[in-house]
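Colleague: task: produce atomic coordinates for the following.
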Amino acid sequence: MDMVDTHCHVIASDRQRYPWSPIGGKPSAWADSRPVTAEGMAARMDEAGIRQSVLVQATTAYGYDNAYVRDSRARRPDRFLAVGTFDPLAPDAGARLADAVGAGGLAGVRLFTSGSTVPVQGEWFAAPQTYAFWARASDLGVTVCLQMRLGAATRQLVEVLERFPDARVLLDHIGYPDIAASPARAGKEVAELACHPGLYLKLTHRNLEPLHAAGAEALEFLTPVVAAFGAGRIAWGSNCPAAEQSLPDLVELARTVLAPLPEADRAEILAGTARRLYPALDRPGG
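Modeller: Purely as a prediction, here's the structure:
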């Protein structure tokens, strides 16, 4: 089955050419302990049977300097697209966004509001100062990956989606719903957000691991979420190498957890949705 990885990270071996400046002031543990270059990622993709991947900026290494993902895309356009971290509070954010996804070579952008090096959930992504960014993102049809945690900032997410209904938001790691505590409750909470047509979900190992551990109860999460959003608004991403498993193991994890779903739904989650979110991706066999 065709697969597109919408969420992997690369780290350059040359720190002089690509200096680190992590958001939060310190790098994530995985960036230090198990970095993977773009060349290494291509080799892992070959091993896992993945032809194309979206390189999502390693924000906890490079911050807002997207040079390495842009250069990696430019060197291997047959294998990679690039999504760069972006500051929507920056002056002239709308014009900067147009440049970033035009001549800048980015296929999309990422807002990093919470994560391993930013433990406090930021709400700035919904501040009035970001409205110019969201308006331009809507006009340009840019996919905006949003790294945040549901619960702490769900209200702000809803405010953005209501104010900018044409914005296309891809929620990294599905916003970290607490699947381990209760798959059914987590599924209900996520499914309630499906009324916003511009919201898409990025299903990664952060969700697949607790779903796998839940066994048959995983369907108590998957069933309402897929029914509410439709498989066409859910995209798989490996999170390699932030995930400790190998890329082939992460592929197998996704296939195992999604096995109870109809084949058409699995095809959408594993590749079809990605190709609509990022039209620059080749078609199978292209």
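Colleague: got the confidence number for G286?
Modeller: If you check G286, the pLDDT there is 46.
Colleague: from now on call the first residue 553
Modeller: Will do, 553 is the new start, and the previous item becomes G838.
Colleague: so what touches the worst-scoring helix or strand of the chain on mean pLDDT?
Modeller: Lowest mean confidence among the helices and strands of the chain (mean pLDDT, DSSP states H and E): helix 581-585, at a mean of 92. Residues outside helix 581-585 that contact it (Cβ atoms under 8 Å, 6 or more residues apart in numbering) are H561, I563, P574, A610, T612, A613, S668, P793, A794, E796. Backbone N, C-alpha and C define where each C-beta goes, glycine included.
Colleague: which of the residues you listed sits closest to A595?
Modeller: Taking Cβ to Cβ as the measure, P793 is the one of the contacts of helix 581-585 closest to A595, at 12.3 Å.
Colleague: am I right that that closest one is in contact with S580?
Modeller: No: distance between P793 and S580: 10.6 Å, which falls outside the contact criterion (Cβ atoms under 8 Å).
Colleague: if I look at L833, how far off is R827?
Modeller: According to Cβ to Cβ, to the nearest Å, L833 and R827 sit 5 Å apart.
Colleague: the stretch 703-838 of the chain: strands as residue ranges?
Modeller: For the stretch 703-838 of the chain, applying DSSP state E, counting those that start in this stretch gives strands covering 720-723, 751-755, 786-788.
Colleague: list the residues that contact the spatially closest residue to E820 that is not a sequence neighbour.
Modeller: Take E820 and drop its neighbours on the chain: the residue closest to it by Cβ to Cβ, 6 or more residues apart in numbering is A783, 3.8 Å away. The neighbours of A783, taking Cβ under 8 Å, 6+ apart as the test, are L813, A816, D817, R818, E820, I821, G824, T825.
Colleague: take these and write them to TSV, including neighbour count.
Modeller: Below are these laid out as TSV (neighbours: other Cβ atoms under 10 Å):
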residue	neighbour count
L813	17
A816	11
D817	18
R818	20
E820	23
I821	24
G824	19
T825	26
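Colleague: about what we covered before: what pLDDT does the residue nearest to E820 get?
Modeller: Confidence per residue is given as pLDDT, and for A783 that number is 98.
Colleague: before we move on, the earlier item: need the next SSE after the least confident helix or strand of the chain, C-terminal direction.
Modeller: Taking DSSP states H and E as the definition, the helix or strand that follows helix 581-585 towards the C-terminus is helix 590-600.
Colleague: would you mark the buried spots in that next one?
Modeller: For helix 590-600, a neighbour-count test (16 or more other Cβ atoms under 10 Å) marks A590, M593, A594, R596, M597, A600 as buried.
Colleague: okay, the residues you listed in JSON lines with pLDDT next?
Modeller: JSON lines is the format used below for the buried residues of helix 590-600 (pLDDT from 0 to 100):
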{"residue": "A590", "pLDDT": "98"}
{"residue": "M593", "pLDDT": "98"}
{"residue": "A594", "pLDDT": "98"}
{"residue": "R596", "pLDDT": "98"}
{"residue": "M597", "pLDDT": "98"}
{"residue": "A600", "pLDDT": "98"}
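Colleague: for A594, list the residues it contacts.
Modeller: Counting by Cβ under 8 Å, 6+ apart, A594 has contacts R628, R631, F632.
Colleague: out of those, which is most surrounded?
Modeller: Using other Cβ atoms under 10 Å as the neighbour criterion, F632 leads those with 24 neighbours.
Colleague: centre-most residue in this protein?
Modeller: Taking Cα atoms, centre = their mean as the criterion, D724 is the residue nearest the geometric centre of the chain, at 4.3 Å.
Colleague: that one contacts H757, doesn't it?
Modeller: No: D724 lies out of contact with H757 (Cβ under 8 Å); the separation is 12.0 Å.
Colleague: quick one: low-confidence parts of the stretch 703-838 of the chain?
Modeller: Counting by pLDDT under 70, the stretch 703-838 of the chain contains low-confidence ranges at 835-838.
Colleague: switch to 50 and redo it
Modeller: 837-838 (pLDDT under 50).
Colleague: much appreciated, bye for now.
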